[in-house]
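In: Okay, here's the prediction I keep looking at, along with the sequence it came from:
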Amino acid sequence: MDTRRQELAEFLQAMRQRGSPEEFGFPSGSRRRTQGLRREEVAQLAGISATWYTWIEQAREVNVSAEALARLATALKLSKSERSYLFDMADRRDPQAHHTEVDTAPETLVTMLAEIQIPAYIMGRTWDILAWNQPAGTLFTGLLDIEWPADQRPNLLRFVFANSLARQFVVNWEMRARRLVAEFRADSRSRLEEPDVKQLVDELSTASTEFAQFWKQHDVLERQGGQREFQHPQSGLIHFQQVTLRPVEQEHLKLVLLQPAESSSD
């Protein structure tokens, strides 16, 4: 038997049995032998066939759509983590996943940035820089030390592709720029239909022939760490080792740390 189907079946059964009938609008009744909800009650709440729902709990090979999963998640009052687990076990993409994401940096992380001695910043879903510490502000001249329009926040992609300073600042600009586009495509793969993502891609495709070319190539790369080199206007050529971390509770955020490093040729 398929492990995922079995896990999905057992998970739904556990979620069905954990609550009291009264919580879902059903009388408890002295004759009720089932702990929590009955299968037919879950089916009723989710607007699906009781037989079909039973087959899911029996781990039969049935096709469960994302829409049906969404109704089950609502019917069973699943938390965000439980809903994500449900969709993962069913090998389906949650059409509402991005609606629960707020593109702001948690105050705890923002406070921690000030305690970090090396350049560090937090990126959001469309790679806006949501918060940064003083060393990052000093490093990223032309990005974090300038006034941005009132309706925009500092954005890494806008800086790299729409600011002429970036071509001198980022060493091996074309290679890094090409990789950034591939990383952004991978990072936003489940959110390409979101208005903010579409708007940014359209804007940069118009502003930069290089971005338009790289985007059409459909390269996909996970964001990785490694050596980064910058030609700083005051400090000259400087080298860093980059590490990117994701908070568990808001995985669309990225905490980027840059550890000063010696040149590989030194």
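Out: Received, thanks.
In: Can you show me the strands along the stretch 51-200 of the chain?
Out: For the stretch 51-200 of the chain, the strands defined by DSSP state E, counting those that start in this stretch cover 120-123, 129-132.
In: all helices of the stretch 151-266 of the chain, in order?
Out: 156-162, 165-169, 173-187, 195-207, 209-216 (DSSP state H, counting those that start in this stretch).
In: Now the shortest one: buried residues?
Out: Of all the residues in helix 165-169, those buried under the rule 16 or more other CB atoms under 10 Å are A166, F169. For glycine as for every other residue, the C-beta is placed from the backbone atoms N, C-alpha and C.
In: Let me see the mean pLDDT of it.
Out: For helix 165-169, mean pLDDT rounds to 94.
In: Run through the neighbouring helices and strands of that helix.
Out: Where contact means 3 or more CB pairs under 8 Å, 6 or more residues apart in numbering; DSSP states H and E, helix 165-169 is packed against strand 226-232.
In: ok, now the longest one?
Out: Contact partners of helix 173-187 among helices and strands, from 3+ CB pairs under 8 Å, 6+ apart: helix 156-162, helix 209-216.
In: Serialize these to TSV and add fields for mean pLDDT, mean neighbour count and distance to S65.
Out: Shown next, in TSV, are the helices and strands packed on helix 173-187 (pLDDT from 0 to 100; neighbours: other CB atoms under 10 Å; distance: least, CB to CB, whole Å):
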stretch	mean pLDDT	mean neighbour count	distance to S65
helix 156-162	95	21	34
helix 209-216	96	16	31
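In: which stretch among these comes nearest D145?
Out: D145 lies closest to helix 156-162 among the helices and strands packed on helix 173-187, at 11.4 Å (CB to CB).
In: got a list of contacts for that closest one?
Out: For helix 156-162, the external contacting residues (CB atoms under 8 Å, 6 or more residues apart in numbering) are 123, 126-127, 129, 140, 142-143, 152, 166, 170, 173, 176-177, 180-181, 184, 200, 203-204, 207-208, 210-211.
In: how long is stretch 92-112 end to end?
Out: Using CA to CA, to the nearest Å, the end-to-end distance of stretch 92-112 comes out at 35 Å.
In: Tell me where the model's unsure across this structure.
Out: Residue ranges of the chain with pLDDT under 70: 1, 29-30, 97-102, 263-266.
In: Run a quick neighbour tally on L45.
Out: Number of residues near L45 (other CB atoms under 10 Å) recorded here: 18.
In: That one and Y53 touch, don't they?
Out: No: counting by CB atoms under 8 Å, L45 stays clear of Y53, with 10.1 Å between them.
In: Pull the number of nearby residues for the nearest residue to L192 once chain neighbours are set aside.
Out: The spatially closest residue to L192, leaving aside those adjacent along the chain, is K198, at 7.4 Å (CB to CB, 6 or more residues apart in numbering). Counted with other CB under 10 Å, residues neighbouring K198 total 13.
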